[in-house]
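Trainee: I'd like to go over a predicted model; first the sequence, then the structure.
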Amino acid sequence: MASITDLRSGIATNLASIPGLRTASYAPDLVNPPIAIVEPDATPVTFDIAMNRGLDQFRFTITLIVQRQDERSGQNALDAYCAGSGTYSVKQAVELDRTLGGHANDCRVTEISSYGSISVNENQYLAAEFSVVVYAS
């Protein structure tokens with residue numbers, strides 16, 4: 001059976017294919033943008049999607065944080081990560097290896113939410129959250 005740790009690491013590895021993007025498969029104490037942080041979702045696992053422990057569904061959130069040098073450049077950078085395809089596309093990078101290094105049956109980036117300003121350690125950044133669904137046996 002796949003573990004949350006293996007799947008989270010696989011997502012971070014796929015994201016590392018984006019030029020200049022730092023990745024973390026854990027919640028770091030300090031952020032150094034641009035960075036993608038992979039964490040289990042609030043409802044991380046649904047067991048027994050298929051009978052006899054044949055398949056489980058895992059949900060992860062990728063929080064992508066960029067500098068907010070000014071409104072325009074920060075939003076343009078974040079927009080590139082939010083694109084459905086292209087060099088900086090989070091969706092394209094995550095789905096590059098849908099088996100996440102052989103630990104999953106399939107994975108998909110399903111949506112983007114919470115696009116906007118966030119505060120981390122009293123610093124203002126721009127961020128978006130990406131939802132990832134993984135099926136693993």
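Mentor: Thanks, I have the structure now. Numbering: from 1, shown residues only.

Trainee: Please make it C-alpha for all contacts and neighbour counts, starting now.
Mentor: Will do.

Trainee: Could you pull out the strands in this protein for me?
Mentor: All strands of the chain, identified by DSSP state E, fall at 22-24, 35-50, 55-67, 106-120, 123-136.

Trainee: Make a markdown table from the ones you listed and add distance to Arg98 to it.
Mentor: Output for the strands of the chain, formatted as a markdown table (distance: least, Cα to Cα, whole Å):
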| stretch | distance to Arg98 |
| --- | --- |
| strand 22-24 | 18 |
| strand 35-50 | 16 |
| strand 55-67 | 13 |
| strand 106-120 | 5 |
| strand 123-136 | 9 |
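
Trainee: Adding mean pLDDT, write the ones you listed out as TSV.
Mentor: Formatted as TSV, the strands of the chain follow (pLDDT from 0 to 100):
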stretch	mean pLDDT
strand 22-24	97
strand 35-50	93
strand 55-67	97
strand 106-120	95
strand 123-136	96
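
Trainee: Dump the ones you listed to TSV, plus mean neighbour count.
Mentor: TSV is the format used below for the strands of the chain (neighbours: other Cα atoms under 10 Å):
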stretch	mean neighbour count
strand 22-24	22
strand 35-50	17
strand 55-67	23
strand 106-120	15
strand 123-136	20
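
Trainee: can you tell me which of those strands comes nearest to Ala16?
Mentor: With Cα to Cα as the criterion, Ala16 lies closest to strand 22-24 of these, at 6.2 Å.

Trainee: what packs against that closest one?
Mentor: helix 4-15, strand 35-50 (3 or more Cα pairs under 8 Å, 6 or more residues apart in numbering; DSSP states H and E).

Trainee: Quick one: mean pLDDT over the shortest one.
Mentor: In this model, helix 4-15 has a mean pLDDT of 97.

Trainee: what does stretch 80-88 give?
Mentor: The average pLDDT within stretch 80-88 is 97.

Trainee: Quick check: which of the helices and strands packed on strand 22-24 is nearest to Glu122?
Mentor: That would be strand 35-50 among the helices and strands packed on strand 22-24, by Cα to Cα, at 16.9 Å.

Trainee: Do I have it right that Val38 meets Ile65?
Mentor: No - counting by Cα atoms under 8 Å, Val38 stays clear of Ile65, with 11.5 Å between them.
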